[in-house]
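coords please:
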Amino acid sequence: MILPVSRLSMGFISGGGDNYINEVGINKSAIARKIGMSKQVFGNCLSGDRKITADEYVAICEALQVPVSKFVPNQK
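Residues are numbered from 1 along each chain as shown. Have a look, this model is predicted:
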């Protein structure tokens with residue numbers, strides 16, 4: 001399954017002042033290795049250039065040790 005919010009949710013992590021990964025000092029290469037992705041593919045996921053599956057999204061959140069709801073916008 002491809003997450004329809006992949007660009008928004010992962011873009012939130014890597015975008016502007018809300019750069020969660022950089023704010024907490026996590027090495028992107030280490031996260032990529034932890035989830036079994038190449039650094040380039042993970043970078044493409046962060047920028048929104050590559051859609052992610054639900055399983056990949058969950059793996060990324062687990063590697064970051066955050067709940068899966070952290071990067072999903074509230075539904076109204």
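
contacts and neighbour counts: CA atoms only from here.
Noted.

tell me the secondary structure at Ile26.
Judged by DSSP: H, G, I helix; E, B strand; the rest coil, the three-state class of Ile26 is coil.

got phi/psi on it?
phi -90, psi 140 (degrees, to the nearest 10).

could you pull out the helices for this structure?
Ranges of helices in the chain, per DSSP state H, are 6-14, 20-23, 28-35, 39-47, 54-64.

need the winner for burial among these.
helix 6-14 (a mean of 20; mean count of other C-alpha atoms under 10 Å).

adding mean pLDDT and distance to Phe71, write the helices of the chain out as JSON lines.
Below are the helices of the chain laid out as JSON lines (pLDDT from 0 to 100; distance: least, C-alpha to C-alpha, whole Å):
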{"stretch": "helix 6-14", "mean pLDDT": "49", "distance to Phe71": "5"}
{"stretch": "helix 20-23", "mean pLDDT": "80", "distance to Phe71": "10"}
{"stretch": "helix 28-35", "mean pLDDT": "92", "distance to Phe71": "16"}
{"stretch": "helix 39-47", "mean pLDDT": "85", "distance to Phe71": "12"}
{"stretch": "helix 54-64", "mean pLDDT": "87", "distance to Phe71": "9"}
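
so which of those helices is nearest Val72?
Among the helices of the chain, the nearest to Val72 by C-alpha to C-alpha is helix 6-14 (5.5 Å).

from Tyr20, how far out is Lys70?
Separation of Lys70 from Tyr20 (C-alpha to C-alpha, to the nearest Å): 10 Å.

ugh, wrong one, Gly36
Distance, Gly36 to Tyr20, using C-alpha to C-alpha: 20 Å.

same check, this time on Gly43
Separation of Gly43 from Tyr20 (C-alpha to C-alpha): 14 Å.

could you list the residues in contact with stretch 22-41?
Contact with stretch 22-41 is made by Ile21, Phe42, Gly43, Arg50, Glu56, Ala59, Ile60, Ala63, Leu64, as judged by C-alpha atoms under 8 Å, 6 or more residues apart in numbering.
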